[in-house]
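Visitor: just a sequence and a predicted model for now, questions to come.
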Amino acid sequence: MNHIFYKHGKGSRYMNISKTNYTCARQCYKRLWLSKYKKELAVYDESTESKFRTGHLVGKHAWSLFPGDTCVDCNEDISIMAAATKKLLDNGTRVIYEAAFVCGNLIAVCDILVSTEEGLEVYEIKSSTGLRETYFDDISFQCYVLRKCGFTVSKASIVHINSQYVRHGALEYDKLFTINDVTDIVNEYYDEIEKTIPEIEKMLAGEMPKVDIGLQCSNPYPCEFKAYCMQHIPEYSVFDLYRIGEAKALSLYHEGVVSIKDVYDKGIRLNGIQKLQVEAEISRQSYIDKAGIREFLHKKCIACIVSGG
């Protein structure tokens, strides 16, 4: 069989769909559209970069589960990576790290690829300590692309950190990691991906989707465009109420309760501290909890006396 490793799709590079793009779309179409056309609006916190570095390091350690020395060099031109992957497979290379495949506008880069007589085995590495549903979208998309390229995917697995592992001396990679065979789950996702891809393509070919803020702004991952999508929210709003909880705040928001004045006007049921917040904002007066301050200072004095400080 003549496998397709790279075949130009129609349209611009913005129409390309990688596994990251696919999982992004599964969370929110607007997020993917913004990441393609308005990425300058993204705001990342420090933890994002830290998680990326951790993930990269964990991935490198996971390579030790499948010894080999062949890693496809990263390149902005995915066709170069795909061509390198083709050459390695044609030469009989058994284990390939960062193997790349492209079919039309679909792109897949596999953390670890193992070639066997039965077909290709795909291993997706995660720095977490357990399985998450979003991981299934991730690896299922990769396997979908490989199958569209004409390959048989004989096994699909998610590899994550074993939280029960305790290191004594040198790292024992077979104990550090847990390998989960999710082949059956991946097979079940095929038809859904087949249906979703055209929807994503249609969305990317159009104007920015009209998607209001919701739980998808932080689940399963915090969205880097949240600030942009919430720019219509007043500076002091229902989202600032003490321990309101995201779900409750969003529920009130969708009922038209947005500002603190809305909370006051509609008589929303609040706890004690929330009532003080609202009253202080409406009256434009500061509230000083004198009793609370006295209690805090009293406890502080007692602690100093006991400790001799």
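Guide: Yes, it's here. None of these values were measured; they are calculated from a predicted model.
Visitor: can you list contacts of stretch 214-224?
Guide: Contact partners of stretch 214-224, identified using Cβ atoms under 8 Å, 6 or more residues apart in numbering, comprise 27-28, 31, 35, 42-45, 48, 132-134, 226, 229-230, 246-247, 250, 254. C-beta coordinates here come from the backbone N, C-alpha and C atoms, glycine included.
Visitor: switch to 6 Å and redo it
Guide: Stretch 214-224 has contacts (Cβ atoms under 6 Å, 6 or more residues apart in numbering) with 27-28, 31, 42-44, 134, 226.
Visitor: a markdown table please, covering the residues you listed and showing neighbour count, secondary structure and distance to Thr116.
Guide: Shown next, in a markdown table, are the contacts of stretch 214-224 (neighbours: other Cβ atoms under 10 Å; DSSP: H, G, I helix; E, B strand; the rest coil; distance: Cβ to Cβ, whole Å):
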| residue | neighbour count | secondary structure | distance to Thr116 |
| --- | --- | --- | --- |
| Gln27 | 18 | helix | 33 |
| Cys28 | 21 | coil | 37 |
| Arg31 | 23 | helix | 37 |
| Ala42 | 16 | coil | 40 |
| Val43 | 11 | coil | 44 |
| Tyr44 | 10 | coil | 39 |
| Thr134 | 14 | helix | 27 |
| Lys226 | 15 | helix | 43 |
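Visitor: can you give me the helices in the stretch 1-150 of the chain?
Guide: With DSSP state H, counting those that start in this stretch as the criterion, the stretch 1-150 of the chain has helices at 19-27, 29-37, 46-62, 78-90, 133-148.
Visitor: out of the ones you listed, name the one with the poorest average pLDDT.
Guide: Here the lowest mean pLDDT among the helices of the stretch 1-150 of the chain goes to helix 46-62, at a mean of 84.
Visitor: what comes up buried for that helix?
Guide: Across helix 46-62, burial judged by 16 or more other Cβ atoms under 10 Å covers 58-59, 62.
Visitor: any idea how far the residue nearest to the spatial centre of the chain is from Leu250?
Guide: Nearest to the geometric centre of the chain sits Tyr221, at 4.5 Å (Cα atoms, centre = their mean). Distance of Tyr221 to Leu250, computed by Cβ to Cβ, to the nearest Å: 17 Å.
Visitor: contact partners for Trp63?
Guide: By Cβ under 6 Å, 6+ apart, the contact list for Trp63 reads Tyr97.
Visitor: show me the shaky parts of this protein.
Guide: In the predicted model, the chain carries pLDDT under 70 at residues 1-13, 287, 289, 298, 300, 302-309.
Visitor: could I get the lengthiest helix in it in PDB with only the CA atoms?
Guide: Using DSSP state H to define each element, the chain has its longest helix at helix 183-204. Output of helix 183-204 as PDB, limited to C-alpha atoms (Å, rounded to 0.1, in the frame of the first residue of the first chain):
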ATOM      1  CA  THR A 183      -7.100   0.900  21.700                       C
ATOM      2  CA  ASP A 184     -10.800  -0.100  22.200                       C
ATOM      3  CA  ILE A 185     -11.700   3.500  23.200                       C
ATOM      4  CA  VAL A 186      -9.800   4.900  20.300                       C
ATOM      5  CA  ASN A 187     -11.700   2.700  17.900                       C
ATOM      6  CA  GLU A 188     -15.000   4.000  19.300                       C
ATOM      7  CA  TYR A 189     -14.000   7.600  18.700                       C
ATOM      8  CA  TYR A 190     -13.300   7.100  15.000                       C
ATOM      9  CA  ASP A 191     -16.800   7.900  13.700                       C
ATOM     10  CA  GLU A 192     -17.100  11.000  16.000                       C
ATOM     11  CA  ILE A 193     -13.900  12.400  14.600                       C
ATOM     12  CA  GLU A 194     -15.000  11.700  11.100                       C
ATOM     13  CA  LYS A 195     -18.100  13.700  11.800                       C
ATOM     14  CA  THR A 196     -16.400  16.500  13.700                       C
ATOM     15  CA  ILE A 197     -13.600  17.300  11.200                       C
ATOM     16  CA  PRO A 198     -15.800  18.800   8.500                       C
ATOM     17  CA  GLU A 199     -17.600  20.900  11.200                       C
ATOM     18  CA  ILE A 200     -14.300  22.300  12.400                       C
ATOM     19  CA  GLU A 201     -13.200  23.100   8.800                       C
ATOM     20  CA  LYS A 202     -16.500  24.900   8.100                       C
ATOM     21  CA  MET A 203     -16.100  26.900  11.300                       C
ATOM     22  CA  LEU A 204     -12.500  27.900  10.500                       C
END
